[in-house]
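Participant: with the input below, show me the fold.
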Amino acid sequence: MTTLSENLAHFVHGAAFMFFVTTSVRLYPLRKRNSMMKILYCSMIFLALLELKDICFLFPNLWSDTYISNLVTSIDMLYVPVMALFMFEVISPGWVTPLRSVAMILPSALLTLAYLFFPSACLYTATFIYTALFGSTIMVIVFMASSRYDNYIKNNFSQIDELSVTWIRKVIVALFICLIFWTLLIWRASWLGDAFYYAISIIVWMLIYRFSCKHAVVVEPGTLKIFPNHENVSTPPPPDNTYSFAPKLLRCMENERIYLNPHLTLTEVAATIGTNRTYLSDYLNNHLHTSFYEYVNTFRIREAQTLLSSETRRSLAEVAELSGFNSLSTFNRAFIKATGCTPARYAKKQATNRPVV
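Facilitator: As a prediction, the model looks like this:
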């Protein structure tokens, strides 16, 4: 007789399968958008197949068969390299190729095949240890490479909301916790534990799908790499370490107010002031000790403060747009970071301090 917890586990397991199938269908028309979406689409199909294979445990006595149980668990471990490919494509667009995909998945696949034909406790343990080490290494690489990617974005773009990969660091932590919980379930099976694991997996992958659909991929050949070449680590400063373009840069910001363009890039500014992006980036990073994103936002916040201090009544959304921000949420975050208070509170304070005529 089945218990409530067992029925719940089967229900949530089925819900996870339907979620992956439904998400695959929704990703089908989006797979041509970029390689990241294509890999996510393939990953959803793979995850749906992983869930489908567990139907074998509905047959009597299979769950208690050590060989079948270990083989199914070994197949589940392919989850780790497949997810690694998706994350590598997020943090380094264009890095994933067919050859690299095979290289990433092949060791786990060979270990699984080896256990299929030559089952032994040692081989199963080796598969488990390899997957644990591989997953831990991937986590470290993703954290390091995603941080470098975000630094690149901040140094080249004035609007980073849809470009930043901060979300991938949160996602990989959530997935790592899920994998730890899954490992515990291998050693101590629990129907309630299964139900909880599948429920959390659905939530995590729902967030991955949401973040991926919003994420804008930036491909910059020779710059965004998981393991960058030595020559890409640093750039030489301008000759005699002078920045003759600095006054013109300031004029373009203060007089021409080019920061009002919400999609302004480092390349566009460099072309406007007659220098190259390498020298401009070096000036901002090493002389002003700021990023391009923060530098441009400094002028946008000043513009917003001027608008909020004026007697003309404007909505916060209008102020954000007139200041060069592409969204109200971005404006609020940047304003709070720069001034320590919200735009609404700042406007109220300015209105209170304004002399009565």
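Participant: what about Ile336, how many residues nearby?
Facilitator: 14 (other C-beta atoms under 10 Å). In short, each C-beta sits where N, CA and C put it, glycine included.
Participant: where does it land in three-state SS?
Facilitator: Per DSSP: H, G, I helix; E, B strand; the rest coil, the secondary structure class of Ile336 is helix.
Participant: and Ser329, how many neighbours?
Facilitator: 11.
Participant: which ones are touching the residue nearest the centre of the chain?
Facilitator: Closest to where the C-alpha atoms of the chain average out (C-alpha atoms, centre = their mean) is Ile168, at 2.8 Å. The neighbours of Ile168, taking C-beta atoms under 8 Å, 6 or more residues apart in numbering as the test, are 87, 90-91, 142, 146, 211.
Participant: how about Leu8?
Facilitator: Counting by C-beta under 8 Å, 6+ apart, Leu8 has contacts 191-192, 195.
Participant: helix or strand for it, which one?
Facilitator: Taking DSSP states H and E as the definition, Leu8 sits inside helix 4-27.
Participant: which other helices and strands contact the worst-scoring helix or strand of the chain on mean pLDDT?
Facilitator: The least trusted helix or strand in the chain, going by mean pLDDT, DSSP states H and E, turns out to be helix 343-353, with a mean of 85. When contacts are defined as 3 or more C-beta pairs under 8 Å, 6 or more residues apart in numbering; DSSP states H and E, helix 343-353 sits against helix 292-309, helix 316-322, helix 328-339.
Participant: what's the mean pLDDT across the first one?
Facilitator: It refers to helix 292-309. Here helix 292-309 scores 94 as its mean pLDDT.
Participant: packing partners of it?
Facilitator: helix 121-156, helix 316-322, helix 328-339, helix 343-353.
Participant: redo the ones you listed as JSON lines? Include distance to Thr3.
Facilitator: Listed next are the helices and strands packed on helix 292-309 as JSON lines, based on distance: least, C-beta to C-beta, whole Å:
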{"stretch": "helix 121-156", "distance to Thr3": "29"}
{"stretch": "helix 316-322", "distance to Thr3": "54"}
{"stretch": "helix 328-339", "distance to Thr3": "46"}
{"stretch": "helix 343-353", "distance to Thr3": "54"}
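Participant: and the ones you listed, which one is worst for confidence?
Facilitator: Lowest mean pLDDT of the helices and strands packed on helix 292-309: helix 343-353, a mean of 85.
Participant: pull out the buried positions in it.
Facilitator: 343, 346-347 (16 or more other C-beta atoms under 10 Å).
Participant: so, low pLDDT: which residues of the stretch 101-250 of the chain?
Facilitator: For the stretch 101-250 of the chain, the stretches with pLDDT under 70 are 219-241.
Participant: ok so, going back, what about the contacts of Ile168, which one has the most neighbours?
Facilitator: Val90 (28 neighbours).
Participant: do you know how far the closest residue to it other than its chain neighbours is from Leu71?
Facilitator: Take Val90 and drop its neighbours on the chain: the residue closest to it by C-beta to C-beta, 6 or more residues apart in numbering is Ile168, 5.2 Å away. Using C-beta to C-beta, to the nearest Å, Ile168 is found at 31 Å from Leu71.
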